[in-house]
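Visitor: My questions concern the predicted model and sequence given below.
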Amino acid sequence: MYEFTHRGGGVNWAALDQKSRRLVSGSMASAVVAVMPLFKWTADVARRVGIEFQGTMPIESTAVSTPSLYLPAAWVIGFAALSGLLWWRMSIRQDELFHRVQNWSLGMSGAWTAAALTVWGLLDMTGISPPIQGPAPLILFSALTIFFGRTAARKWAS
């Protein structure tokens, strides 16, 4: 079953049975394929930020050196759904502590993401901030889920 390792891994793989390991591995592999377009977007943003800080030439005159990682939208949605389905199948096999940590971290990250996007949208409507970029909610939700997952692990596993 699920155990906290407190060594950065989050899950003690030795404590999972063979079926749960396969489900987690499949979920993670599907998630990586589903987020591949975010890698391209992040690389483009990082390149633009680097050029802005360098300040030697306009952004439009630079060549994009990142490889094309765009997938058709149906593939991204399909792999994301497969990842969620496999994770759900694994999570129903786990104990109450796993569900407590997972539910609390997902709930908190969802609430904070919604609050941040609401504020960002209001600031965009007033012209104070730029419009919300497409992958931004996914990145924010993922980062907050990791943060709140670690917080829950410290809260309930000690």
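Guide: Looks like it came in fine.

Visitor: how about stretch 32-48: buried residues?
Guide: By neighbour count on 16 or more other C-beta atoms under 10 Å, the buried set for stretch 32-48 is 34-35, 37-38, 40-41, 47. To be clear about C-beta, it is placed using only N, CA and C from the backbone, and glycine gets the same treatment.

Visitor: which SSE is A116 in?
Guide: A116 is part of helix 96-126, with elements assigned from DSSP states H and E.

Visitor: now for that helix, which elements pack on it?
Guide: Packing contacts for helix 96-126, counted by 3 or more C-beta pairs under 8 Å, 6 or more residues apart in numbering; DSSP states H and E, involve helix 73-91, helix 136-157.

Visitor: Spatially central residue in this protein, please.
Guide: Centrality entry for the chain: nearest residue to the mean C-alpha point is S142, 3.0 Å, by C-alpha atoms, centre = their mean.

Visitor: low-scoring pLDDT stretches of the chain, where are they?
Guide: 1-12, 55-71, 157-158 (pLDDT under 70).

Visitor: Buried residues of stretch 136-156, list them for me.
Guide: Neighbour count says stretch 136-156 has 136, 140-142, 144-145, 148-149, 152-153 buried, by 16+ other C-beta under 10 Å.

Visitor: An error on my part: the question was meant for stretch 86-95.
Guide: Residues of stretch 86-95 classed as buried: 86-87, 89-91, 94 (neighbour count, 16+ other C-beta under 10 Å).
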